[in-house]
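Colleague: Predicted model and sequence below, questions to follow.
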Number of protein chains: 2
Amino acid sequence: MTDDGSRVTALDRVLELTVLLGRDMATSLAASGLTVARTTLLWQLRATGPTTQRALADALGVSARNVTGLVDGLVAAGLVSREQHPADRRATLVTPTARGEELLDELGRGQAELAGQLFGGLSGERLEGLVSALDDVLERLRALVPHGAAVEEAP
Amino acid sequence: MTDDGSRVTALDRVLELTVLLGRDMATSLAASGLTVARTTLLWQLRATGPTTQRALADALGVSARNVTGLVDGLVAAGLVSREQHPADRRATLVTPTARGEELLDELGRGQAELAGQLFGGLSGERLEGLVSALDDVLERLRALVPHGAAVEEAP
DNA sequence: CCTACACCGTGAAGTCACTTCACGATAGCA
DNA sequence: TGCTATCGTGAAGTGACTTCACGGTGTAGG
């Protein structure tokens, strides 16, 4: 196969992975009554702690208005609460509830389990090669995309 | 790093790739007035030729009703046309128009270009390792997902 | 002090991708 | 000649997004 063909093949694999993984995440989250977008927000919260909606919007790369809706959903599900910002009365701090934290732990375990299922069959060497290659690709991709937000992953 | 940690890292990379690549595709397609879903359908058509909407629904793994809407959009954009099925008067054959074929060629070139930009920096050996590792992962993933549709990729 | 101006979150309205349910038209088989 | 399965689509609804407009608030500058 030509070099060019191999590269297209690689892109094909990555795209198929994208589709399948997206489907898997959507369905497994749906089983917990969650959606991908809301979970991404919750996951982000796990990394940053109580956060302003504006900051969440920037972190997720979506509009502030959209964050309002996502937080609405999470509040309705009892996973986060809106608290007043101590210094800025305009802002609200989105904070995980106890149930939210619990769920996050569960999601973290699910993520580890999935990682094991997907990559458990690869030798340490092959896994290392995969990660390093993906890092290279990601670097190039970040340069290509205008300026993507700080991307945090969800299980 | 522990094996387990490495696997989670790998999953993180894959998920970040997913997000970034999705963003890139959406924006670059939007520049041509297209959406990802519609383009996926058109791309599928390139592989199969004139196809029944029902078959498209199965191939893309979405409801038949959704295909109706996507085809509506593509027809409005002048990229496909609905022709009557020669043997079954219930069915319609979705067929790319000349402009649709043209656009598909363009998309194919764009895909090859993107593949070059993303994977051009990897040696043949590393690229081969990447594809082989992704194939392994995909196999496991396919076993995990109930029964995903035949996935065809779009640029 | 107080007047601009920038910023926070949200209502309103709209787009797109998706779903299920119901229904008319057709195909195919007993 | 009916029974039934199938093709496509209207109706209605959900979720993730967007932009635009607006009220409440912080933060300078004069």
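Modeller: The structure has been received and is ready for your questions.

Colleague: What's the first helix or strand after the host helix or strand of A:Ala26?
Modeller: If you go by DSSP states H and E, A:Ala26 is part of helix A:3-30. Using DSSP H and E, the helix or strand that follows helix A:3-30 towards the C-terminus is helix A:36-48.

Colleague: Could you list every helix and strand in contact with that next one?
Modeller: Counting contacts by 3 or more C-beta pairs under 8 Å, 6 or more residues apart in numbering or on different chains; DSSP states H and E, helix A:36-48 is packed against helix A:3-30, helix A:53-60, helix A:64-76, strand A:92-96, helix A:98-119. Glycine gets a C-beta too; all of them are placed from N, C-alpha and C.

Colleague: if you set the cut-off to 6 Å instead, what comes out?
Modeller: Helix A:36-48 is packed against helix A:3-30, helix A:64-76, with contacts defined by 3 or more C-beta pairs under 6 Å, 6 or more residues apart in numbering or on different chains; DSSP states H and E.

Colleague: Highest mean neighbour count out of those?
Modeller: Across these, the average number of neighbours (mean count of other C-beta atoms under 10 Å in any protein chain shown) peaks for helix A:3-30, which reaches a mean of 18.

Colleague: So that helix, near chain B or not?
Modeller: Yes. Legend: contact between helix A:3-30 and chain B by C-beta under 6 Å from any C-beta of the partner chain is shown at A:6-13, A:15-16, A:18-20, A:23-24.

Colleague: for DNA strand C, what are the nearby residues on chain A?
Modeller: When proximity is defined by C-beta under 7 Å from any atom of the strand, chain A lies next to DNA strand C at A:52-54, A:57, A:64-65, A:68, A:71, A:82, A:88, A:90-92.

Colleague: how about the residues you listed in a markdown table, adding distance to A:Val36 and pLDDT?
Modeller: Shown next, in a markdown table, are the residues of chain A next to DNA strand C (distance: C-beta to C-beta, whole Å; pLDDT from 0 to 100):
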| residue | distance to A:Val36 | pLDDT |
| --- | --- | --- |
| A:Thr52 | 22 | 98 |
| A:Gln53 | 19 | 98 |
| A:Arg54 | 22 | 98 |
| A:Ala57 | 17 | 98 |
| A:Ala64 | 19 | 98 |
| A:Arg65 | 18 | 98 |
| A:Thr68 | 18 | 98 |
| A:Val71 | 15 | 98 |
| A:Arg82 | 22 | 98 |
| A:Asp88 | 30 | 97 |
| A:Arg90 | 29 | 98 |
| A:Ala91 | 26 | 98 |
| A:Thr92 | 23 | 98 |
